[in-house]
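Novice: Please work out how this folds:
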Amino acid sequence: MSSKSKIDTIKEILGLKVEVSFAKQKLDDGTQLEAESFEEGKDVFILTEDGAKVALPIGEYDYEGKVLSIKEEGVIASISEKTEEAEPKEAELEQEVLDESKEQEEEQLEDDLKPMIEAMDARISALESMLQEFSAQKETNERDISLVESKEVKEEEVKMAIETEPIVHNPIKKESNEQHFSLKNLTIAERVNLMIKNKK
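Specialist: Just a heads-up that it's a prediction; the model follows:
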């Protein structure tokens, strides 16, 4: 039971029904607060939509350029002016920690990947040099192939030229067992016999 409700209970018992006006204040986040007055040591409540009052939880709350500090639930500990150099909020600190850890992870990842990247660069360079060697070899092979093809064409032309040469009759000399006689040394009768013999 809050101190306000205790006071109201006592007033009812004594029959003192005094209207007390409460100050209302809206926080920067839109939450509606109510207190007898916004001073140190006074009770402060959150007004809900249905009109119920709930003690303000422990923490610091911003409103109209001021900071409301609650150290005991529902009781104002202090009210101070909001300064630009105020300590960062917990969410901002968490964000800074997250950003810092993200940077560290990125640096670590970069450090981990650096040897891999260097190895890949070396492999790429090796592949490029191999590609150049293959290109040079391909050009050499193409030249060799064209030389072979031109040589084959020339050989084919020579072969065709040889094949197309006309065949010349080259009679083979027959050797005979006959003896060659000179007709001058033969008599007329021998000559006539020789002629008859050759006609057969």
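Novice: what about the strands in the protein?
Specialist: Per DSSP state E, the chain carries strands over the ranges 23-26, 32-35, 44-47, 53-55, 59-63, 66-72, 75-81.
Novice: Distance to residue 99 and mean neighbour count for those - can I get that in a markdown table?
Specialist: C-beta coordinates here come from the backbone N, C-alpha and C atoms, glycine included. Formatted as a markdown table, the entries for the strands of the chain read as follows, by distance: least, CB to CB, whole Å; neighbours: other CB atoms under 10 Å:
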| stretch | distance to residue 99 | mean neighbour count |
| --- | --- | --- |
| strand 23-26 | 32 | 13 |
| strand 32-35 | 33 | 18 |
| strand 44-47 | 33 | 19 |
| strand 53-55 | 35 | 16 |
| strand 59-63 | 23 | 16 |
| strand 66-72 | 25 | 15 |
| strand 75-81 | 28 | 14 |
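Novice: closest to residue 91 out of those strands?
Specialist: With CB to CB as the measure, strand 59-63 is the member of those nearest residue 91 (12.5 Å).
Novice: Let me know the average pLDDT across the closest one.
Specialist: Looking at strand 59-63 alone, the average pLDDT works out to 86.
Novice: Send me it as PDB with only the CA atoms.
Specialist: Once non-C-alpha atoms are left out, strand 59-63 reads as follows in PDB (Å, rounded to 0.1, in the frame of the first residue of the first chain):
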ATOM      1  CA  GLY A  59      15.500   4.400 -12.800                       C
ATOM      2  CA  GLU A  60      16.100   7.700 -14.500                       C
ATOM      3  CA  TYR A  61      13.500   9.500 -16.600                       C
ATOM      4  CA  ASP A  62      13.700  12.500 -18.900                       C
ATOM      5  CA  TYR A  63      11.100  15.300 -19.100                       C
END
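Novice: For it, which strands pair with it and how are they oriented?
Specialist: Based on DSSP bridges, the strands next to strand 59-63 in the sheet, each with its direction, are strand 66-72 (antiparallel).
Novice: Could you pull up the residues touching the most far-flung residue of the chain relative to its centre?
Specialist: Here the chain reaches farthest from its C-alpha mean at residue 189, the gap being 120.0 Å by CA atoms, centre = their mean. Applying CB atoms under 8 Å, 6 or more residues apart in numbering to residue 189 gives no contacts.
Novice: so residue 77 sits right up against residue 69, yeah?
Specialist: Yes. Taking CB atoms under 8 Å as the definition, residue 77 is a contact partner of residue 69 at 4.7 Å.
Novice: Looking at the longest helix belonging to the chain now, give me its mean pLDDT.
Specialist: Across the chain, the helix with the greatest residue count (assigned by DSSP state H) is helix 90-164. In this model, helix 90-164 carries a mean pLDDT of 83.
Novice: pLDDT score assigned to residue 15?
Specialist: In the prediction, the pLDDT value recorded for residue 15 is 67.
Novice: Okay, residue 183 and residue 72: tell me how far apart.
Specialist: Applying CB to CB, to the nearest Å, one obtains 167 Å for the distance of residue 183 from residue 72.
Novice: ugh, wrong one, I meant residue 12
Specialist: Residue 12 sits at a distance of 26 Å from residue 72 (criterion: CB to CB).
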